[in-house]
Structures are given as C-alpha cells and as structure tokens.
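**Student:** Give me coordinates for this.
(one chain, ligands or ions: 1)
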Amino acid sequence: MNIIEVANYEEMSRASADFILKKIKGSEKVTLGLATGGTPLGTYQELVKDHKENETSYDHVHTYNLDEYVGLTPDDQESYHAYMCEHLFHPVNLPLEQTNIPNGAAPELLQECLRYDMLIESIGGVDLQLLGIGENGHIGFNEPGTLFSTSTHVVDLTPSTLEANAKYFKDPSKQPTQAITMGIATILKSKEILLLASGERKQEALFHLLRGEVTESVPASALNMHDRVTIIADSQALKLVNSLGK
Ligand SMILES: N[C@@H]1[C@@H](O)[C@H](O)[C@@H](COP(=O)(O)O)O[C@@H]1O
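**Tutor:** Numbers count the residues shown, from 1 in each chain. Okay, the predicted model is just below:
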C-alpha cells in the first residue's frame, strides 16, 4: 500500500485531485468510481477549480458511484445523486448519461443491485475507485461483518453510521436507514483504489486498516488484499498509526 501523509484536509484534497487528474488526462477513456460524504468534497472542489482554470474535459470520463440511500429519488436534495450533480457533474460538464449511481428508489431493489453489479462487471471494474472511510471502518456502506465476497446489495445502516451521517440531513427523522452499496467484492474489482481520510475521528479506522488483521469486522481491511491501493491521509487521521504503529 502506498501511503501519502499530508498536513491537513486542504492538502489531502489537492493531492487527491492531482491523482485523479493524472488518470483523466492520461487516457482516452476513463472509468471512475466515486464516493460521497464530507471527505471527497474538497477533492471535487479542486477538480471544479481545475476545470474552470484549465478547461479539462470530462467528455471521456464515465463514473460509477459507490452507493445511494434507499427511498430517496434522484431529485431528492439529500440523495447522493443530488450531491454528485451539485458538487461535480454539473460544474465540470460531465455528460449525465455517462454517470451511474444505484437507484435507491427502484421498485425492485434486488434487481437494481444485480443490474448495477452487472454494469460494473461489464466494464471489468472501474479504472480508479475513490473511497472515504467510516469511523467504524466501513467502505461504501459495507458495515462491519459484511462478507468480503459480497456484490452490490441492500444494507441496514448501523446506529454508528446513522449518527455519523445525521449531520447531512436537515431533518434527521427523514434520514434513510437503508442504502444500496457496491459490495466489497465489487470494490476490489477496481483496477486501482484511492482512499482518503482526514481528521482524528478516522484514526482508529485507519489504524485497523494499516496495522490490524484482515477481518470482515473491519470492512476496509479487505483493501490489504488489493495490490494497487494508495491512501492519502492527514496527520490527524494517522495519529494513532504514527504513535503506536511503527
Ligand atoms: N457512504 C459514505 C461513505 O462512502 C463515506 O466514506 C462515509 C464517511 O463519510 P465522511 O467522509 O463524511 O466522514 O460516509 C458514508 O457512509
């Protein structure tokens, strides 16, 4: 695993945007797996800034998001669809027909999971998957205990994940308790993975990922089974690793 330690959130966001831009500029067609949450927001802002300054084209970029809340339609302001349109797709002029996000409002959720998984299978896994990490070590919405062999599935969110993400909902009582997420096996199909972590709240999860055993009780530890993973993390997120792990 390639670990890049940076000073803070802003540096993490710049380094991660540079990493992604190299992929975008280096190929005629590129498939990106994208994440949501607070962590990648700065990265998307940097990509938007670059697009404004350098007119970087996204015409050859196809995207596949990790997850979506069950019950939220794509036009719901609190859906991950809306998040992606607002923070990346619209500002960089990414053709919307080249974007893919699980449909959390699909009438047949199991069928939707199968459709999404086959879509990713059909491209042989994304070229680069961007990941954040949950405080309990989840990736996508794969909660502790998820089998490493899982493909895209519907998940019941744990109390800790609900609590950590409640801040993103104006009315926390409207926060969905289920989500559709790429599975661990789906994520591991990616040709390359970039995981971002910032802040003290992530230090235990990062410690388990980097120094703990590979176990289904820490979903992110599955990344140790992949041979092209880069982690960009700030000093706060690496605090425990640096103090105990050397
Ligand atoms: N499904 C998302 C994850 O993809 C994300 O990594 C996590 C951490 O969020 P944040 O970056 O806001 O800490 O939140 C959610 O659970």
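**Student:** could you pull out the strands for this structure?
**Tutor:** Secondary structure of the chain (DSSP state E): strands located at 2-6, 30-34, 61-65, 67-69, 99-100, 128-131, 153-156, 178-181, 193-197, 229-234.
**Student:** Nearest residue to the middle of this structure?
**Tutor:** The centroid of the chain falls nearest to Ala35 when counting by CA atoms, centre = their mean (2.7 Å).
**Student:** Let me see the contact set for that one.
**Tutor:** Ala35 is in contact with Asn65, Leu66, Leu130, Leu131, Gly132, Gly140, Leu196, counting by CB atoms under 8 Å, 6 or more residues apart in numbering. Placement of C-beta: from N, CA and C, glycine included.
**Student:** okay, the strands of the chain in a markdown table with mean pLDDT, distance to the ligand and mean neighbour count next?
**Tutor:** Output for these, formatted as a markdown table (pLDDT from 0 to 100; distance: least, CB to the nearest ligand atom, whole Å; neighbours: other CB atoms under 10 Å):
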| stretch | mean pLDDT | distance to the ligand | mean neighbour count |
| --- | --- | --- | --- |
| strand 2-6 | 98 | 16 | 14 |
| strand 30-34 | 98 | 9 | 23 |
| strand 61-65 | 98 | 9 | 21 |
| strand 67-69 | 97 | 5 | 25 |
| strand 99-100 | 98 | 16 | 19 |
| strand 128-131 | 98 | 6 | 25 |
| strand 153-156 | 96 | 10 | 18 |
| strand 178-181 | 97 | 7 | 24 |
| strand 193-197 | 98 | 8 | 25 |
| strand 229-234 | 98 | 12 | 22 |
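**Student:** Kindly provide the distance from the residue nearest to the centre of the chain to the ligand.
**Tutor:** Using CB to the nearest ligand atom, to the nearest Å, we find Ala35 at a distance of 5 Å from the ligand.
**Student:** same thing with Glu46?
**Tutor:** For Glu46 relative to the ligand (CB to the nearest ligand atom), the value is 16 Å.
**Student:** swap in Gln77?
**Tutor:** Per CB to the nearest ligand atom, Gln77 is found 17 Å from the ligand.
**Student:** Kindly list the main-chain dihedrals of that residue?
**Tutor:** For Gln77, the backbone dihedrals are phi -60, psi -20 (criterion: degrees, to the nearest 10).
**Student:** And for it, the neighbour number?
**Tutor:** For Gln77, the neighbour count with other CB atoms under 10 Å is 10.
**Student:** repeat for Leu210
**Tutor:** Leu210: 19 surrounding residues under other CB under 10 Å.
**Student:** same thing with Gln111?
**Tutor:** Using other CB under 10 Å, Gln111 has 10 neighbouring residues.
**Student:** show me what contacts Asp117?
**Tutor:** Ser151, Thr152, Met182, Gly183, Thr186.
**Student:** ok, the first one to Cys113 distance?
**Tutor:** It stands for Ser151. Distance of Ser151 to Cys113, computed by CB to CB, to the nearest Å: 7 Å.
**Student:** When the two are compared, which one has more neighbours?
**Tutor:** Counted by other CB under 10 Å, Ser151 and Cys113 do not tie: Cys113 has more neighbours, with 22 against 17.
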